[in-house]
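In: sequence and predicted structure below; questions after.
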Amino acid sequence: MASIFQGVGAATSLSSSTSIDTKKFHFCSRRSRSERKASFVVVRSGGAKVENRIGGRAEQLVTNAVAAKADTPTAATVSKPGHELLLFEALREGLEEEMERDARVCVMGEDVGHYGGSYKVTRGLAEKYGDLRVLDTPIAENSFTGMGIGAAMMGLRPIIEGMNMGFLLLAFNQISNNCGMLHYTSGGQFKIPVVIRGPGGVGRQLGAEHSQRLESYFQSIPGIQMVACSTPYNAKGLMKAAIRSDNPVILFEHVLLYNLKERIPDEEYVLNLEEAEMVRPGEHVTILTYSRMRYHVMQAAKTLVNKGYDPEVIDIRSLKPFDLYTIGNSIKKTHRVLIVEECMRTGGIGASLTAAITENFHDYLDAPIVCLSSQDVPTPYAGTLEEWTVVQPPQIVAAVEQLCR
Amino acid sequence: MSFSGAKIIQPLCIRYPDTPVISDQAANRITTSSPFLGSTRTLRRIQSVSAAQRRSASAIVAVADVVKEKKLKSNKNHLLTKEEGLEVYEDMILGRVFEDMCAQMYYRGKMFGFVHLYNGQEAVSSGFIKLLKKEDSVVSTYRDHVHALSKGVPARAVMSELFGKTTGCCRGQGGSMHMFSAEHNVLGGFAFIGEGIPVATGAAFTSKYKREVLKEADCDHVTLAFFGDGTANNGQFFECLNMAALWKLPIVFVVENNLWAIGMSHLRATSDPEIWKKGPAFGMPGVHVDGMDVLKVREVAKKAIGRARRGEGPTLVECETYRFRGHSLADPDELRDPAEKARYAARDPITALKKYLIESKLASEAELKAIEKKIDEVVEDAVEFANESPVPSRSQLLENVFADPKGFGIGPDGRYRCEDPKFTQGTAQV
């Protein structure tokens, strides 16, 4: 008996892989909580062959995923109005709109002004708003982060850019002690509406110190929120939301995602900082991911769908706090969880997420949670070693197969 | 963790040699002309010198002129009016009596943890802060009770905070080392040294931003950053000196050089102990002043604050001062030479001001006594208020973690956690 489930509709969503015609797949995956060893039946009728694009360097995979999106004119994209831009432009658009809207919003960081930002996120803003509003700072992360915090206490809304997230390690004192704590130790008298943002993650042979995965370092600090953007759409929306929030927010961008292209709406929109994003609804397994790994997951999803699996992919976006509602609903449906992250294995976001899921949804799980993280190693320079440091799509496919046995 | 660590284990029989704190060589060095008002100054010699000698070797020429006038015993040219004199006197007495009461309360088990008292340094706080407007900001360190009091935070609020009651200025959540007041623009209260200096720089930056970007043309708010000699070796200090001078921020960096960072003598920690010199290295005036003399501090402060208010940029002021008590109430204070302590005790700023007020006929003994009595009552009242105030209830636990409590996220039931009325008790899972 075959029935068509929601998985079919997912194929046409913007961010899922578009080169597979999933309409041809029928699934039967209804299972009750008590069925621990139920297998599912896949009935394929006249399934189309899909190119297996797995292989080659990670960056090529990412590019392919983007190209597939932009090249394949699905009904959804063509009829949608809006404008196309790259992720760093989306960030800039969001930033500029907020600076236009509120004169207290300012930017500070190294080379954000005249240079336009090391990843061009602030290009043109200094010419438009002046050198004080888009402040080129000397190389003193701890102090200019503290300066941003002091300015926030007195009413401004600064965005502090770390040229690379790794540099913010130098500002850890200010981020942990002042950013996170001052609202509390002052008894609620001062608020710190700062946004701390910058590119992080493993890039293309940038070496260990420029390829750091720092989400886990900051996650325990009470009083801050953390979000990670992954598409131009959510980059702009999260940037705006972070600026408008009265809490200190750390916005994690990824070095390799700045050139992603997407069509985003012309109308103004602000996303919710605490919500996760449903990338691809499915039935068999919940895959939780964020930032760049989203693309590795979607790449793996193509293969998985070929093999008859129906993964549900959620981009958690909010690294702290977790959106347990979206995640929980998914787990209650699929009963299997795979976490794919770029963070290190030890004490990473995945580790926290595993704990949170186990605490809240243990009864709904049919299998132990699997967490794929990058290796506990400083990112090596050599290309081959670097590739093995982060999670690659074949590993994701293998993990899903293992999980769904 | 605060820099004031656990109980310091003192080796026996170590006495600090009775040498001058600043060597003869340094004192006799040719005076460099600081760009500050184009005046020259002589670095004081800190050793047992006679009073006369001391006066002649005092700080800035500009002040020295005025001091000479003071010596002429003329009633016509006072450094301050009677009202100002009484205001400053009252403020210093408040600082001293309050801190002494803190010590008493600590040993009676009313306050806990690390408590750092300001006895002996009152001239710096009163000398500077009494010149500020309400909109000006003050940033301090863990030795912040008196800075908060001078700025106008009620004694009741500070004492309650120390007792850990909800009526404290920070609802009992900050404690001795985290005094904040949005109303009086006291921006902390920081446990790690140096941590507050960037915050002060940010407050000064906001003042400039308001004037130049937000076009609030009359915004001339000044920020004072207080910190000690130990902090003057910290990176954040230098980074902020650079940024403040670079952007001409309206800030005054006030170094309260009391010669000791817990048990570390300033001379043992610093390659060049003359901290004021570090100002010109970054492009701002560096001034050294006798921090035990409130009138001298006030004169220097007037000029530095005026400079900042006019948009001429920052100033680094090094106040030579001394703390009569140990680093904190947990410090047995065995390293400091008793002779050194005695020397400074003889220069008690409150005694000095009292003497000046009476000798220059600005105030009578009776008026000063009345002030002392009034302050005693204020502090007693503060203690009573703090005693009777309630301790925080459990529901206060998570209330102030986020300015926007949506930051606690969405729970499994789809509602924001903060919508649960019992959430702030910390019983729900985060």
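Out: Cool, the structure landed. Numbering: from 1, shown residues only, chains lettered A, B, ... in the order given.
In: how far does the lengthiest helix in chain B sit from the chain's center?
Out: Looking across chain B with DSSP state H, the single longest helix is helix B:82-107. Distance of helix B:82-107 from its chain centroid, counting by C-alpha atoms, centre = their mean, to the nearest Å, is 14 Å.
In: what's the mean pLDDT across the helix or strand that comes right after it?
Out: Where DSSP states H and E defines the elements, the next helix or strand beyond helix B:82-107 is helix B:122-129. In this model, helix B:122-129 has an average pLDDT of 97.
In: what angle do helix B:122-129 and helix B:82-107 make?
Out: 130 degrees (axes from the mean of the first three to the mean of the last three C-alpha atoms, to 10 degrees).
In: tell me the residues on the stretch 251-400 of chain B that lie near chain A, please.
Out: Applying C-beta under 8 Å from any C-beta of the partner chain, we find that the stretch 251-400 of chain B lies next to chain A at B:399-400. C-beta coordinates here come from the backbone N, C-alpha and C atoms, glycine included.
In: now do the helices in the stretch 251-400 of chain B.
Out: Ranges of helices in the stretch 251-400 of chain B, per DSSP state H, counting those that start in this stretch, are B:266-269, B:278-282, B:294-309, B:338-345, B:349-359, B:365-388.
In: counting contacts, what elements does the fifth one pack onto?
Out: Other elements packing on helix B:349-359 under the criterion 3 or more C-beta pairs under 8 Å, 6 or more residues apart in numbering or on different chains; DSSP states H and E are helix B:82-107, helix B:122-129, helix B:294-309, helix B:365-388.
In: list the buried ones in the third one?
Out: Buried positions in helix B:294-309, judged by neighbour count with 16 or more other C-beta atoms under 10 Å in any protein chain shown: B:294-301, B:303-305, B:307-308.
In: what ranges does the stretch 201-350 of chain A have for its helices?
Out: A:215-218, A:232-244, A:293-306, A:324-334, A:349-361.
In: quick one: average pLDDT of stretch A:218-232?
Out: pLDDT averaged over stretch A:218-232 gives 95.
In: what distance separates the start and the end of that stretch?
Out: In terms of C-alpha to C-alpha, to the nearest Å, the two terminal residues of stretch A:218-232 are separated by 24 Å.
In: and what of stretch B:129-140?
Out: Counting by C-alpha to C-alpha, you get 12 Å between the two ends of stretch B:129-140.
In: got the contact list for that stretch?
Out: A:150, A:154, B:84, B:87-88, B:91, B:147-148, B:150-152, B:179, B:184-190, B:196-197, B:199-200, B:203-204, B:221-227, B:298, B:301-302, B:305 (C-beta atoms under 8 Å, 6 or more residues apart in numbering or on different chains).
In: now do 6 Å
Out: B:88, B:91, B:147, B:150-151, B:185-187, B:196, B:199-200, B:203, B:221-226, B:301, B:305 (C-beta atoms under 6 Å, 6 or more residues apart in numbering or on different chains).
In: returning to that earlier point: same list (the helices of the stretch 201-350 of chain A) but as JSON lines, adding mean neighbour count and distance to B:Glu384.
Out: Output for those, formatted as JSON lines (neighbours: other C-beta atoms under 10 Å in any protein chain shown; distance: least, C-beta to C-beta, whole Å):
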{"stretch": "helix A:215-218", "mean neighbour count": "22", "distance to B:Glu384": "44"}
{"stretch": "helix A:232-244", "mean neighbour count": "25", "distance to B:Glu384": "45"}
{"stretch": "helix A:293-306", "mean neighbour count": "25", "distance to B:Glu384": "60"}
{"stretch": "helix A:324-334", "mean neighbour count": "22", "distance to B:Glu384": "48"}
{"stretch": "helix A:349-361", "mean neighbour count": "19", "distance to B:Glu384": "47"}
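In: could you list the low-pLDDT ranges of the chain?
Out: Here I'm looking at chain A. Within chain A, the ranges that satisfy pLDDT under 70 run A:1-80.
In: that was the other one, I meant chain B.
Out: Within chain B, the segments meeting pLDDT under 70 span B:1-77, B:427-430.
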